[in-house]
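Visitor: Fold the stuff below for me.
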Amino acid sequence: MADATGSRIEIRSPMVGTVAALPAALGATLGADSVVALVESMKMEHPVTAPEPMEITEVVASVGDAVAKGDLLVVGRGVSMVADVEAEATAEAPDRLAELLAREATLADAARPERVAKRHVLGLRTARENVADLVDEGSLVEYGRFAYAAQRARRSEAELIAETPADGLIGGIATVNAERFGPEASSCVVVSYDYMVLAGTQGQRNHAKKDRLFELAERLGLPVVLFAEGGGGRPGDTDTAVVTGLDTGAFALFARLSGQVPLIGIAAGRCFAGNAALLGCCDIVIAVEGASIGMGGPAMIEGGGLGVVAPDEVGPVVVHAAAGSVDLVVRDEAEAVDVARRLLGLFQAAEPGVAPDTQALRAVVPAERKRAFDPRTAIEGIVDVGTLIELRPDFAPNMVTGLARIDGRTVAILANDSRTLAGAIDAPAADKAARHLQMAEARGIPVISLIDTPGFMVGPEAEATGLVRHVSRMFVAAGALSVPVVAIVLRRAYGLGAQAMAAGSLRIPLATVAWPSGELGGMGLEGAVRLGFRRELEAIEDPVARQEAEAAMIAAAYEHGRALNVAAHLEIDDVIDPAETRALIIRLLAAAPARLGEPRRRFIDTF
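Guide: Residues are numbered from 1 along each chain as shown. Below is the predicted model of the structure:
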């Protein structure tokens, strides 16, 4: 650029407006791009700047003058610019970026080293450590991070910014598994209470933040991963007029997501009251060993006159695992995050897997027909290697439920376990199975049912549990299925329990097939003989002869109910080599659409 020292410089208005300010006085020296005048137009101020370094030699306009486009405002002459004048002009502007960076620093774990160290001594991680471990690096778009507790009536703003970052709730939209499935399929909402902030309690602002994120999850159809550790409602917020807080929307909003998007909850440490209520709404709950979960914490228990209970004794994980209120128990938060990532993957997309040794399936069912066996040996011989995630293994162990992949496609597994109650379906087992069917339908996941049951549990003790209503849950849940079902009779398939395992009827699945070990009947063989041939048996006076006759009738009934005979009468579709089970399932699912009817048919749960 040519030296313009001494040249005349005219500064004119770029628009119609009013002169709002003339910050440069006569004789002032300005750097290039320095503000010479402010012209207000349509209630907005527009800076008029120096095109090059200049000295003001004449001020033509005055503040308040109405000006037209092109009117002369200031006259000056070009000068050589001194560097320190430029620096001085720049220093006058407020450094908003530095303020932002300083506030951001208060959010980091590094700003609270003593609290972080306390967490680590307890074997726990911070909320930000968990979130960072779960989401893909750099993918988190955090919402409401500059919130702090609504307690200005009690504490200074500076203290609240330092002590209650993000108001104890970290949340946003991120991706998980994007390298495997792409960003669109991998997006999710993540919400984590921060126990280092007011014990992870639910404050007014973090409730508002949750509401925002839950609404986004519904609008965008995104899964939610919730880290639920915390103490429930927070009574100490003072900055808004709240009497009860019972109009809080978070619980209704989160519950509304059920069945619409996958909900995965993680509980570590202490999880009480409102935090536990949100956890309980999740499709799948992962609990870390040592966690205590309860609908009321120690203060609520004592306040209700129910005694003094230590926090860790309110609801130990072992209690919840046996009761079925948690689906998976893991060693630590690192494993919890790993399992959550695997579960999300099962809901996100298909993924090629490794086929198991299907030949081993031929040896799964013992030669002795009354010998119990572990159905997981059958499951592992059918699903892709390493993909099975069993849910609620310590609850109703006579019913196995889980998620896995077959040829890369996610499936829901049901199986009877003959090692408990001989595989009979009691009330807890029916509840477990029915809920699993509902989740499969909500997520659009095919159901693979491996049948080895003598039927529904019977007897006065079983009926005292509300058995009639509980076992009927399997029928109504199956009646609402639009996803494909494949039923495999491994061994015993008797009575209504077998029908319930086959979605209500052997005709409902895409195919109902049996292994050669299969045996089927309208009820248990012994009961069928004693009921159907009572008159004949009672007519035999000799007890030994009667017992022999009964044994012969049972043997005949067994032969009549063998899988090959049932298949010959077309009550099942085929009898197959166990080693062909996986291939058959793959072919059937490939032939069928993802849904066989309209999804989400409403029904009234029977219990």
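Visitor: can you map out the helices along the stretch 501-607 of the chain?
Guide: 525-532, 534-538, 543-560, 563-568, 581-591 (DSSP state H, counting those that start in this stretch).
Visitor: Pull out the buried residues from the first one.
Guide: Of the residues in helix 525-532, those buried under the neighbour-count criterion (16 or more other CB atoms under 10 Å) are L525, G527, A528, V529. Just so you know, the C-beta spots here come from the backbone N, C-alpha and C atoms, and that holds for glycine as well.
Visitor: In JSON lines: the residues you listed, plus pLDDT.
Guide: Listed next are those as JSON lines, based on pLDDT from 0 to 100:
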{"residue": "L525", "pLDDT": "74"}
{"residue": "G527", "pLDDT": "73"}
{"residue": "A528", "pLDDT": "75"}
{"residue": "V529", "pLDDT": "74"}
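Visitor: domains of this structure?
Guide: With domains defined by automatic domain parsing, the chain comprises 8-93, 99-347, 352-518+562-591, 524-561.
Visitor: Quickly, which of these bottoms out on average pLDDT?
Guide: Ranked by mean pLDDT, the domains of the chain end with domain 524-561 in last place, scoring a mean of 80.
Visitor: Please identify the buried residues of that domain?
Guide: Neighbour-count burial for domain 524-561, counted by 16+ other CB under 10 Å, picks out 524-525, 527-529, 533, 537, 549-550, 553-554, 557, 561.
Visitor: now stretch 390-410
Guide: Quick answer for stretch 390-410 (16+ other CB under 10 Å): 390-393, 395-407, 409-410.
Visitor: Dump that stretch to PDB, keeping only the CA atoms.
Guide: Provided in PDB are the C-alpha atoms of stretch 390-410 (Å, rounded to 0.1, in the frame of the first residue of the first chain):
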ATOM      1  CA  GLU A 390     -28.300 -61.600  29.700                       C
ATOM      2  CA  LEU A 391     -30.800 -59.400  31.600                       C
ATOM      3  CA  ARG A 392     -31.900 -60.000  35.200                       C
ATOM      4  CA  PRO A 393     -30.100 -63.300  35.600                       C
ATOM      5  CA  ASP A 394     -30.600 -63.300  39.400                       C
ATOM      6  CA  PHE A 395     -34.400 -62.700  39.200                       C
ATOM      7  CA  ALA A 396     -36.600 -65.600  38.100                       C
ATOM      8  CA  PRO A 397     -33.700 -67.800  37.100                       C
ATOM      9  CA  ASN A 398     -36.100 -70.400  35.600                       C
ATOM     10  CA  MET A 399     -36.600 -67.900  32.700                       C
ATOM     11  CA  VAL A 400     -33.500 -66.600  30.700                       C
ATOM     12  CA  THR A 401     -33.900 -63.300  28.900                       C
ATOM     13  CA  GLY A 402     -31.200 -61.500  26.900                       C
ATOM     14  CA  LEU A 403     -30.200 -59.600  23.800                       C
ATOM     15  CA  ALA A 404     -27.700 -60.800  21.300                       C
ATOM     16  CA  ARG A 405     -27.000 -60.900  17.500                       C
ATOM     17  CA  ILE A 406     -27.500 -63.600  15.000                       C
ATOM     18  CA  ASP A 407     -25.700 -63.000  11.800                       C
ATOM     19  CA  GLY A 408     -25.200 -59.400  12.900                       C
ATOM     20  CA  ARG A 409     -28.900 -58.800  13.500                       C
ATOM     21  CA  THR A 410     -30.100 -58.000  17.000                       C
END
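Visitor: Wait, V261 touches L216, no?
Guide: No: look at V261 against L216 with CB atoms under 8 Å: they stay out of range, at 10.8 Å.
Visitor: Tell me which of these two has more neighbours.
Guide: V261 (20 against 16; other CB atoms under 10 Å).
Visitor: Need the nearest residue in space to that one, chain neighbours excluded.
Guide: P223 (5.2 Å; CB to CB, 6 or more residues apart in numbering).
Visitor: quick one, what contacts that neighbour?
Guide: Contact analysis of P223 by CB atoms under 8 Å, 6 or more residues apart in numbering lists C188, V189, A217, V261, P262, L263, I264, L344, F347.
Visitor: Dump those into JSON lines; add secondary structure and distance to D211 as well.
Guide: Putting the contacts of P223 into JSON lines (DSSP: H, G, I helix; E, B strand; the rest coil; distance: CB to CB, whole Å) gives the following:
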{"residue": "C188", "secondary structure": "strand", "distance to D211": "18"}
{"residue": "V189", "secondary structure": "strand", "distance to D211": "12"}
{"residue": "A217", "secondary structure": "helix", "distance to D211": "11"}
{"residue": "V261", "secondary structure": "coil", "distance to D211": "16"}
{"residue": "P262", "secondary structure": "coil", "distance to D211": "20"}
{"residue": "L263", "secondary structure": "strand", "distance to D211": "16"}
{"residue": "I264", "secondary structure": "strand", "distance to D211": "19"}
{"residue": "L344", "secondary structure": "helix", "distance to D211": "23"}
{"residue": "F347", "secondary structure": "helix", "distance to D211": "24"}
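Visitor: From the residues you listed, pick the one nearest R155.
Guide: V189 (30.3 Å; CB to CB).
Visitor: Could you measure from the closest residue to D384 other than its chain neighbours over to A591?
Guide: Leaving aside its chain neighbours, D384 sits nearest to G353 (2.9 Å; criterion: CB to CB, 6+ apart). Noted for G353: a distance of 20 Å to A591, by CB to CB, to the nearest Å.
Visitor: Which of the two has more residues huddled nearby?
Guide: Applying other CB under 10 Å to G353 and A591 shows that G353 carries more neighbours, namely 17 against 10.
Visitor: That one against A404, yeah?
Guide: No: counting by CB under 8 Å, G353 does not reach A404; the two are 9.1 Å apart.
Visitor: Spell out which residues are contacts of both of those two.
Guide: Residues touching both G353 and A404 (CB under 8 Å, 6+ apart) are D384, T387.
Visitor: Run the chain-centre distance for stretch 8-15.
Guide: Centre-to-centre, stretch 8-15 and its host chain are 61 Å apart (CA atoms, centre = their mean, to the nearest Å).
Visitor: neighbouring contacts of it?
Guide: With CB under 8 Å, 6+ apart, stretch 8-15 has contacts from 19, 36-37, 39, 41, 46, 48, 50-52, 54, 61, 67-78.
Visitor: Could I get the buried residue list for that stretch?
Guide: For stretch 8-15, burial by neighbour count (16+ other CB under 10 Å) applies to I9, I11, R12, S13.
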